[in-house]
Every structure is written in structure tokens, then in C-alpha cells.
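*Asks:* Below are the sequence and a predicted model; questions follow.
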Amino acid sequence: MTEHTTAITSFHAHVYYNYKNRDTAARIREKLGANFEVQLGRWRDGPVGPHPQSMYQVAFSLNQFDQVVPWLMLHREGLDVLVHPNTGDAVADHTSYSLWLGDKLQLNTEVLKAS
């Protein structure tokens, strides 16, 4: 295995939901916005990019990781959440460098390879 160093510039969390638990996702989103200085992305009510189901993105800085991720661990209310760094390597960011809270969903990494 080749070792290399990659700089992390920021993080994204993707909160996945469906029509049955969209209210739960909305509650989590509201609390994230109230408790942290994060950027809340648009609601995506269907698959988009590499994401196989509805989700919204939460963007946060390096110095917020130790606050946002533990909060999501305890308050995700059963929803699946992907957390990944932003290094400039979209495929590795979403796969090798990522962590999952809940179930690990199958991402469409072909979309990431094309960009």
C-alpha cells in the first residue's frame, strides 16, 4: 500500500432520509442549524450525484469536527449519515476516507470518477 498525505480542507455530512422519516430529517436539520455554524445544503428529494436516496448536505469546518460528528452520533435518530473530508479527491473522500453513522449505503462512485 502506498502511503500519501492529503490535506483536509473541510467536511461534509450527508443525512439520508425517505418520505416516511423526512420529518425526523427536518428536526435534525433544524437542530444542526441552531447548535452549530454549519452550511445546510438543499433538500434533495431523490438520488443525486453519488447518493442513492434523498439527502441533504451539512458542510462544516475542520475545527467543528469534534463537535458536529459526536452530536450526529447521538442525535441522528436512526437516520443514516455519511461523513467525509474534502481533500480534492472526491472518490477517496466518499469511500476510503469516509465514516458512516448507521448503515453504509452503496454510493454511485462512477459519478465521482467522471467529475
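*Replies:* Happy to help now that I have it. Numbers count the residues shown, from 1 in each chain.
*Asks:* Least confident secondary structure element in the chain?
*Replies:* helix 109-114 (a mean of 82; mean pLDDT, DSSP states H and E).
*Asks:* That helix - contacts with which helices or strands?
*Replies:* Judged by 3 or more CB pairs under 8 Å, 6 or more residues apart in numbering; DSSP states H and E, helix 109-114 is in contact with helix 90-94. (Glycine included, C-beta is placed from N, CA and C.)
*Asks:* Just checking: what are the partner strands of the very next helix or strand once past the helix it packs on?
*Replies:* Downstream of helix 90-94, the first helix or strand assigned by DSSP states H and E is strand 99-101. Sheet pairing for strand 99-101, assigned by DSSP bridges, gives strand 81-86 (antiparallel).
*Asks:* can you tell me the average pLDDT over the partner strand?
*Replies:* Strand 81-86 shows a mean pLDDT of 97.
*Asks:* got it, and stretch 57-65?
*Replies:* The predicted confidence, averaged over stretch 57-65, sits at 97.
*Asks:* For the nearest residue to residue 40 once chain neighbours are set aside, what is the enclosing helix or strand?
*Replies:* Nearest residue to residue 40 in three dimensions, chain neighbours excluded: residue 33, at 5.6 Å (CB to CB, 6 or more residues apart in numbering). Secondary structure from DSSP H and E places residue 33 in helix 22-35.
*Asks:* got the buried residues for that helix?
*Replies:* 24, 25, 28, 29, 32 (16 or more other CB atoms under 10 Å).
*Asks:* same thing with stretch 35-51?
*Replies:* Buried-residue list, stretch 35-51, by 16+ other CB under 10 Å: 38, 41, 44, 49, 50, 51.
*Asks:* List the contacts of the second one.
*Replies:* In other words, residue 41. Residue 41 is in contact with 56, 57, 58, 59, counting by CB atoms under 8 Å, 6 or more residues apart in numbering.
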